[in-house]
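> structure for the following, please:
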Amino acid sequence: MSFLRGVGTAVSVSRRLLVSPHPCTTDLLSSTFARSVCISAASNHGLKNDGKLLTTSLPCVTTKRWRTRKGTVKIPYTKPLSFEHGGDSEWGPLVQFSKSDPQPGFEGIPELESADERVQRLFSLEFADGRERKQKEMEYVVKALQENPADTSTLESHILRRTVHIRKQIGHCLEFRKDKRSKVKLLEGIQRRHKYLKELRRIDGERFEWLTKELNLKFTPTSELPPKLSKKQRRKNEAREACWAIIQTKLEALKVKLEKEKAEFAEHKRNELKSIETELAELGIEMQPTIEETVKQIDIGREVFKREKTVKRRKALLEKKFELYGLHKRNRGKDSRIKFV
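You can find the predicted model right below:
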């Protein structure tokens, strides 16, 4: 019955198919069974074999493939991406320019200043691309921080250009996570800038401190960087920290328990000394500041018995042998009671 019901549904749908292509129509006709049912239905209803079907109403069937194609959801990345190890506490342009500022290469042109407003807007940063904005920012930063206008090959100029490029590239890599080529280029640029900073620090410390302060960079020497740990080592460290945390918790609980027992013992000792003092007062004995002085005043104590000197087993056996055979330790051969025949 289910098969016949499916055939009837296909025949009813085939009567409403359109001549014009539609994603629902193409998906429905993609199966062999649907095509055969549609052809048989068309022949039974006397349709002409001219490639056209009856157009009475729109199709109302949406396939699963078309629904999943339209309803794709972008899954967010779970692994965090950060470039703070490079020393940049923030990313973005170092200098903010106005949209009305001229593009690089068009500054100080009198004809452009006296031109129409629309022409000035056409040559402004509003219509500039990212490369031109980065070039203008780089020229402005290098000109503001370089010591000599002809200085283009020193370590400071290299560090400035690298910093402008890195801060612009960080935003691109964070937005487009799948651009692995840009990420590799960014990491190489950070390492190259770290090399320049290290060399500048060795040559001129004051210049290095001034430049890092102006660019808001945090330089960390390679020797002070934390070592890169494997997954197994990280798991070991986490387990060790958890173990030490449990030990510390138990030690703290034991300290609290000992403090409580100390207070109880001090109270018990105070009560015992008070009862002893009462008993001594009943016996007519004065309590001294210390227990030793009190015992000495009473003139009683434990009788000390002399401890017998222990004899080793080997020595005791030899003594028994000497006693049995009448031998002497010092002169065994002189006085011997045993006569050998």
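
> which non-adjacent residue is nearest Gln288?
Of all residues not flanking Gln288 in the chain, Thr294 sits nearest, at 4.3 Å (Cβ to Cβ, 6 or more residues apart in numbering). Where you see a C-beta, it was placed from the backbone N, CA and C, and this is true even at glycine.

> same question for Met138.
Val164 is the one closest to Met138 (Cβ to Cβ, 6+ apart), at 4.7 Å.

> list the residues that contact that neighbour.
Leu94, Lys134, Glu137, Met138, Val141 (Cβ atoms under 8 Å, 6 or more residues apart in numbering).

> try Gln103
Gln103 neighbours (Cβ under 8 Å, 6+ apart): Phe123, Ser124, Leu125, Phe127, Ala128, Glu132, Lys136.

> tell me the pLDDT of the first one.
According to the prediction, Phe123 has pLDDT 85.

> neighbours around it, how many?
16 (other Cβ atoms under 10 Å).

> remind me which helix or strand the nearest residue to it once chain neighbours are set aside belongs to.
Nearest residue to Phe123, sequence neighbours excluded (Cβ to Cβ, 6+ apart): Phe106, at 5.1 Å. Using DSSP states H and E, Phe106 is not contained in any helix or strand.

> cool, the one 5 residues further on as well?
Element membership for Glu111, per DSSP H and E: helix 110-113.

> ok, then the element right after that helix?
helix 117-122.

> can you list contacts of that next one?
Counting by Cβ under 8 Å, 6+ apart, Ser100, Pro102, Leu112, Glu113, Phe127 sit against helix 117-122.

> 6 Å - rerun?
Applying Cβ atoms under 6 Å, 6 or more residues apart in numbering, helix 117-122 has no contact partners.

> and the residue nearest the centre of the chain, which of the three is it?
In the chain, the residue lying closest to the centroid (Cα atoms, centre = their mean) is Pro80, at 8.8 Å. Under DSSP: H, G, I helix; E, B strand; the rest coil, Pro80 falls in the coil class.

> and Leu215, how far from Lys143?
Distance of Leu215 to Lys143, computed by Cβ to Cβ, to the nearest Å: 15 Å.

> so between these two, which is more surrounded?
Leu215 (18 against 10).

> give me the pLDDT for that one.
88.

> give me every residue that touches it.
Thr163.

> and Leu217, its phi and psi?
Main-chain dihedrals, Leu217, degrees, to the nearest 10: phi -110, psi 150.

> can you tell me, leaving aside adjacent residues, what's nearest to it?
Gly87 is the one closest to Leu217 (Cβ to Cβ, 6+ apart), at 4.5 Å.

> ok, back up a step: just the buried ones from the contacts of Gln103, in ChimeraX syntax?
In ChimeraX, a selection of the buried entries from the contacts of Gln103 looks like this (16 or more other Cβ atoms under 10 Å):
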select :123,124,125,128,136
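
> quick one: which of the contacts of Gln103 is nearest Lys321?
Each of those was scored against Lys321 by Cβ to Cβ, and Lys136 proved nearest at 113.8 Å.

> need the three-state assignment for the residue nearest to Met138.
Val164 ends up helix, using three-state DSSP.

> now the element after the longest helix seen in the chain, going C-ward?
Longest helix in the chain by number of residues, with DSSP state H as the criterion: helix 231-283. Next helix or strand after helix 231-283 toward the C-terminus (DSSP H and E): helix 291-298.

> from the chain's centroid, how far away is that next one?
Computed by Cα atoms, centre = their mean, to the nearest Å, the separation of helix 291-298 from the middle of its chain amounts to 68 Å.

> please identify the buried residues of that helix?
Thr294.

> what's in contact with it?
By Cβ under 6 Å, 6+ apart, helix 291-298 touches Gln288.

> so that helix versus helix 231-283, what angle?
Helix 291-298 and helix 231-283 are oriented at 30 degrees to each other (axes from the mean of the first three to the mean of the last three Cα atoms, to 10 degrees).
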